[in-house]
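Enquirer: Here you go, sequence then predicted model.
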There are 2 protein chains.
Amino acid sequence: MADNAVRKVRDDIENGIVAGEFAPGSRLDEVTLSKRFGVSRTPVREALMQLSATGAVELRPRRGAIVVDHSPQRVYEMFEVMAELEGLAGSLAARRCTASDRAALSAAHERCRASAEAGGTDAYYYDNEEFHHAIYAASHSGFLAEQCGALHRRLRPYRRLQLRVQNRLRASFDEHEQIVKAILAGDEEAARARLRAHVVVQGDRFGDLLSAFAERARP
Amino acid sequence: MADNAVRKVRDDIENGIVAGEFAPGSRLDEVTLSKRFGVSRTPVREALMQLSATGAVELRPRRGAIVVDHSPQRVYEMFEVMAELEGLAGSLAARRCTASDRAALSAAHERCRASAEAGGTDAYYYDNEEFHHAIYAASHSGFLAEQCGALHRRLRPYRRLQLRVQNRLRASFDEHEQIVKAILAGDEEAARARLRAHVVVQGDRFGDLLSAFAERARP
DNA sequence: CACCCAGCTCTTGTATACACGGCTTCGGAG
DNA sequence: CTCCGAAGCCGTGTATACAAGAGCTGGGTG
């Protein structure tokens, strides 16, 4: 339920997982969490179930919840699927986008340009998210937009780590430029191919992913 | 939570939705459901949350759960996304499948052939599911297999309705034949294209989808 | 000395009780 | 007659109590 208590608990646990406070494989005890957050076990249980649904934790019957261990291979697979869905979204956007979609996409792109030139990875990270969501919206497929949004959110921590790599920010923006051009030109296949290449982890970026994992492993 | 009570309640509600007992847009009252299934509100709540996670119902804060109304457009969008993911799975399967994957795929295909010739749509429906799962497994991407499985399951009722259309069963099997050939030949692009075409709702099949909806609307 | 079994404890799964927010209905006023 | 508002009721959200299964520990035995 998007209610107050359970939402708060869910977000707190999620943040704790991303921050490394709850290590992968560690047990999440319901009573410990409830005492920690000052609520009863009920909202904690519901939060854990929601996290289980989004794949952040694994619930084993009668044995509690453990933080899932995202191996590099699994993260790679997730980016692979994400690339495919984003490619579809780009293709549909190139075909269907309206004038207001174009305006929103261009505006998001310009915000990315500004933050890329300012050099703040955090600001760029946020604007980058807006950019991708503008593409989802332009696809005019509500279900696709939901799926993309959910996966995007799930990959958020890893994307954030990847952006820290030197020059990745600039390269990302240059790729955006090509993507925008293809969508505005109505070139479905170019939009699909460029978005796919933008998202998928390949070449040097696979090494970046591994190094990001290594960095995260440290305290 | 794959526990006994909540799993049973969840499956019962899901079946009720598919069977049309719970009409789209209708309210699912927690106390009514709990009395009906002879359990307390707690497992009912958890079941509803799981159904909300899989998209079968919508949970509005403080206002209860309602059965989501899948418009034809939305179902079309879901098949569109499914087609994309299956295409990716087929492409990966063509590249990566091992000897045992090939054997499993061929075996599933032969079972489909048998039930197609026997003419039983229910049997074919089941074997068809096995066939697609064999492709997911052959992709050797655990995450992709999970996503495909989840979407497949979500679309199950609509696929079942579609198979009732005359000759669709035979056409489906013929498409399978081409897909198997492409995967066994290691032709990634052919496998992708044929799986996509197999799954997506286009041409006559869009009319079939609409008629299936019309039929389901009746008591 | 190692292995197995039994009892205990700790945690999850379920039930019930309590609190708070929204919806509805009934009454009054314009 | 219609519209607005307040109070009561119904239903969800949260807390707590009870039951049952899984893991652990300690003692006994081979």
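Expert: In hand now; what should we look at?
Enquirer: And residue A:118, what's its pLDDT?
Expert: Looking at residue A:118, its pLDDT stands at 85.
Enquirer: contacting residues around the residue nearest to residue A:175 when sequence neighbours are not counted?
Expert: Excluding its sequence neighbours, the residue lying closest to residue A:175 (CB to CB, 6 or more residues apart in numbering or on different chains) is residue A:198, at 4.4 Å. Heads up, the C-betas are built off the backbone N, CA and C, glycines and all. Residue A:198 sits next to A:83, A:86, A:172, A:175-176, A:179 when contact means CB atoms under 8 Å, 6 or more residues apart in numbering or on different chains.
Enquirer: Can you name the two of these that sit furthest apart?
Expert: Comparing all pairs in the contacts of residue A:198 by CB to CB, the longest separation belongs to A:83 and A:176, at 14.9 Å.
Enquirer: For residue A:66, identify the helix or strand it belongs to.
Expert: strand A:64-67 (DSSP states H and E).
Enquirer: Which is the succeeding secondary structure element to that strand?
Expert: helix A:72-96.
Enquirer: Measure how the helix or strand just after that next one sits relative to helix A:72-96, angle-wise.
Expert: Once the chain leaves helix A:72-96, the next helix or strand it forms, by DSSP H and E, is helix A:99-118. Between helix A:99-118 and helix A:72-96, the angle comes out at 130 degrees (axes from the mean of the first three to the mean of the last three CA atoms, to 10 degrees).
Enquirer: tell me which residues of helix A:99-118 are tucked away?
Expert: A:101-102, A:104-105, A:108-109, A:111-112, A:115-116 (16 or more other CB atoms under 10 Å in any protein chain shown).
Enquirer: And for stretch A:69-89?
Expert: So, applying 16+ other CB under 10 Å, buried residues of stretch A:69-89: A:70, A:75-89.
Enquirer: what's the answer for stretch A:20-34, then?
Expert: Buried, per 16+ other CB under 10 Å, within stretch A:20-34: A:22, A:28, A:30, A:33-34.
Enquirer: ok, the residue of chain A found nearest chain B - contacts?
Expert: When scored by CB to the nearest CB, chain A has residue A:53 as its residue closest to chain B, at 3.5 Å. Applying CB under 8 Å, 6+ apart to residue A:53 gives the contacts B:49-50, B:53-54.
Enquirer: Residue A:54 reaches residue A:152, doesn't it?
Expert: No: at 11.9 Å, residue A:54 does not count as touching residue A:152 under the criterion of CB atoms under 8 Å.
Enquirer: Could you check which of the two has the larger neighbour count?
Expert: residue A:152 (18 against 14; other CB atoms under 10 Å in any protein chain shown).
Enquirer: That one contacts residue A:129, doesn't it?
Expert: Yes: contact criterion CB under 8 Å: residue A:152 and residue A:129 qualify, at 7.2 Å.
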